[in-house]
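Peer 1: Dropping the sequence and predicted coords here.
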Amino acid sequence: MKYLVAFLFACAAFGQQYEIGANIGYGFYRNGTIFSASGTAQAGIQNRFAAGIILGDEFSKYVSAEFHYLYHDGHPFLQAPGVKSDIQGQSDSLTCDLLFHFKTREHRLRPFLAGGSGAKEYVIAGPAPFPQPIPQIASLTTNDVWKVVFSVGGGLKFRPIPHMLLRAEFRDYLTTFPRQQIVPAPHNTARGVFQQFTPLFGISYTF
């Protein structure tokens with residue numbers, strides 16, 4: 001117990017500030033393409049709502065570290081001329097980010113830039129389509145896939161009253177093509193970086 005008390009006093013001595021909050025937004029995707037001798041198909045994740053939580057530690061005047069969890073309710077899909085099919089799914093992103101503020105925390109309005117990395121799971125919650133719509137190009141499977149994810153963006157924090165922050169930010173979550181979930185047919189090629197462009201609005205408590 002005495003070590004915990006000492007740790008808390010040490011944190012206070014260095015002027016650290018902690019933050020816990022939640023946000024909500026919408027994820028727009030830049031998807032990939034599958035090339036084959038039979039033609040091409042667009043492959044990706046549908047645009048849907050997103051929501052998450054924030055845990056932050058502002059350990060200096062201008063820099064803070066944050067843990068982000070973000071849920072996106074997007075379904076994987078395949079689309080070719082005259083054909084479109086999807087499978088029920090979503091994604092969960094876990095990232096650790098550094099925020100670089102342009103003003104100290106004494107200011108009520110604080111713009112910032114952010115960047116970090118972590119892991120993102122593309123999760124399937126429904127059965128695969130039967131029959132597959134374009135098996136000569138690619139198939140949708142029920143495989144859950146983990147990917148390394150990179151997060152970049154920026155935004156604004158506004159403090160209307162002590163211990164409360166309102167946040168508006170824009171994040172870009174980048175992963176490689178989830179080929180174990182959207183599976184190209186043999187000898188076909190999948191290309192593209194999946195980018196989840198996500199405007200978010202949130203509220204946080206600081207202490």
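Peer 2: Structure's in. What do you need?
Peer 1: Rank the helices and strands of the protein by mean pLDDT and give me the bottom one.
Peer 2: helix 2-13 (a mean of 44; mean pLDDT, DSSP states H and E).
Peer 1: Downstream of that helix, the next helix or strand is which one?
Peer 2: strand 17-30 (DSSP states H and E).
Peer 1: Could the C-alpha coordinates of that following strand be exported in PDB?
Peer 2: The C-alpha coordinates for strand 17-30 follow below in PDB (Å, rounded to 0.1, in the frame of the first residue of the first chain):
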ATOM      1  CA  GLN A  17      -2.900  14.300 -15.800                       C
ATOM      2  CA  TYR A  18      -5.000  11.300 -16.600                       C
ATOM      3  CA  GLU A  19      -8.000  11.000 -18.900                       C
ATOM      4  CA  ILE A  20     -10.800   8.500 -19.400                       C
ATOM      5  CA  GLY A  21     -13.400   8.900 -22.000                       C
ATOM      6  CA  ALA A  22     -15.600   7.600 -24.800                       C
ATOM      7  CA  ASN A  23     -16.200   8.600 -28.400                       C
ATOM      8  CA  ILE A  24     -18.400   7.800 -31.400                       C
ATOM      9  CA  GLY A  25     -18.100   8.400 -35.100                       C
ATOM     10  CA  TYR A  26     -18.300   6.900 -38.500                       C
ATOM     11  CA  GLY A  27     -15.700   4.800 -40.500                       C
ATOM     12  CA  PHE A  28     -15.200   5.400 -44.200                       C
ATOM     13  CA  TYR A  29     -13.100   2.800 -46.000                       C
ATOM     14  CA  ARG A  30     -10.600   2.900 -48.800                       C
END
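Peer 1: Just the buried positions in it, please.
Peer 2: Within strand 17-30, the residues that count as buried by 16 or more other CB atoms under 10 Å are 19, 21, 23, 25-29. To be clear about C-beta, it is placed using only N, CA and C from the backbone, and glycine gets the same treatment.
Peer 1: Identify the single longest strand in the protein, thanks.
Peer 2: strand 109-124 (DSSP state E).
Peer 1: Now it: average pLDDT?
Peer 2: On average, the pLDDT along strand 109-124 is 98.
Peer 1: packing partners for it?
Peer 2: strand 63-72, strand 89-101, strand 145-158, strand 164-176 (3 or more CB pairs under 8 Å, 6 or more residues apart in numbering; DSSP states H and E).
Peer 1: so can I have a markdown table of these showing mean neighbour count, distance to residue 81 and mean pLDDT?
Peer 2: Supplementary listing: these in a markdown table, determined by neighbours: other CB atoms under 10 Å; distance: least, CB to CB, whole Å; pLDDT from 0 to 100:
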| stretch | mean neighbour count | distance to residue 81 | mean pLDDT |
| --- | --- | --- | --- |
| strand 63-72 | 19 | 27 | 98 |
| strand 89-101 | 19 | 24 | 98 |
| strand 145-158 | 17 | 27 | 98 |
| strand 164-176 | 18 | 26 | 98 |
